[in-house]
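Undergrad: Predicted model follows, preceded by the sequence.
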Amino acid sequence: MRTASKVTRVAAACGAGALGLALIAMGSGVGAALTDSATANASINTGTFGCELSSTDSNVVISANKHTATVDLGTISSSAASSKTAPVTVTNTGAIPLATSWSETTTGNILGGSGAISAVPAAAGVPLAAGAAQTVNIGFQWNELSNSDLGRSGTAQYTVSCNEAPNTQIVRSATLNLSGTGWGGWSCPAGTQIVSATAEEATGGTGNGTVAELDLWRSGASTAGVNYPSTPWGYTYGTGEEGAIAQNDGDTGETIVLVLTCTA
C-alpha cells in the first residue's frame, strides 16, 4: 500500500509539471500586437519668374520672345515744341512678385542744336504682383526747333530690369465688420509698398467674404469721388502710407479680412 501510494504521488507530480510547460508555451504569443502604418508625402515647387513686353499701339513691334519692343516715331513735321511717344507695357508673367527698374540711353545727334530734343526720362520702377503690369511712354520731347535742328536724328533705348521684389510680406488685417455698403481698409507696415490685396471671409464671420470693390490705396488712386490719401470713410493716409480699401457688396454684417502683399 505504501509503495502504490508513492507511485501515485510521483505520477501526479509529473502531470503538474507537464501542465506547467503547456502554459509557458501558450504564453509566448501574448506579447504580440496588431500593427499598421501610413505615409504622408510633402511636395513643393519653385514658382515661375519672368516679365514680357506688349503694346496697344500698332506702330510698336514686339519680338517673338516678347523681350524687345521697336517703334519708329516717324518725322517731326513742325517747329513747334512737342513730343512723340508710344506706350509699352511690361507684365509680370511669373508667380513671384517682382519690381521693375527702368533706364534709358540715347545715340545719334539728337542732343545738338537749339531745340534740345531729348528722350523722355525713363519711368520710375514699381512693384508688380503676379499678372500685374506697368505701362510707360517711350519717345522724345523737344523745345521749339530752328534751322540748326534740321537733319538731326537719334535713337533712345529703354531697358527695364525685372528683379525679385525684396522683403515681400503678407499682412492680414484685423477682422473688419462692414455694414451694407460700408468701407474699411488696412495698411502695409511703415516703409513698405502695397503690391496686391485680396478679401476673404473672417473665421466665424457672417458674410461670404465678397466685396463690391477692392482698391490698392496709394498715390494716384481714387474711388467714389475720393482721392488718395483721403478715404471714403474719412481716414487720411499718412506720408508714405499705403494699403488697400474695400467696400461691402450690400449684404448685412459682412465680416472680412484683407490680405495684403507688401514689399520694401
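TA: Yep, that arrived.
Undergrad: the domain parsing of this structure - what is it?
TA: 51-164, 169-263 (automatic domain parsing).
Undergrad: May I have the distance across the first one, first residue to last?
TA: Terminal residues of domain 51-164 lie 11 Å apart, using Cα to Cα, to the nearest Å.
Undergrad: Find the residue closest to residue 89 in space, skipping its chain neighbours.
TA: If the residues on either side of it in the chain are set aside, residue 89 comes closest to residue 135, at 4.4 Å by Cβ to Cβ, 6 or more residues apart in numbering. Every residue, glycine included, has its C-beta placed from N, CA and C.
Undergrad: so where is the stretch 51-200 of the chain shaky, pLDDT-wise?
TA: For the stretch 51-200 of the chain, applying pLDDT under 70 flags the ranges 109-115.
Undergrad: coming back round to it: given the helix or strand hosting the residue nearest to residue 89, what are its sheet partners and their directions?
TA: Secondary structure from DSSP states H and E places residue 135 in strand 133-142. Sheet pairing here is set by DSSP bridges, and for strand 133-142 it gives strand 82-92 (antiparallel), strand 118-119 (antiparallel).
Undergrad: Next SSE downstream of it?
TA: Going down the chain from strand 133-142, the next helix or strand is strand 154-164, by DSSP H and E.
Undergrad: measure the residue nearest to residue 107 when sequence neighbours are not counted to residue 40 for me?
TA: Once flanking residues are discounted, residue 107 sits nearest to residue 155: 5.1 Å by Cβ to Cβ, 6+ apart. In this view, residue 155 and residue 40 are 59 Å apart by Cβ to Cβ, to the nearest Å.
Undergrad: Comparing those two, which shows the higher neighbour count?
TA: residue 155 (11 against 4; other Cβ atoms under 10 Å).
Undergrad: who's in contact with that one?
TA: Residue 155 makes contacts with 106, 107, 108, as judged by Cβ atoms under 8 Å, 6 or more residues apart in numbering.
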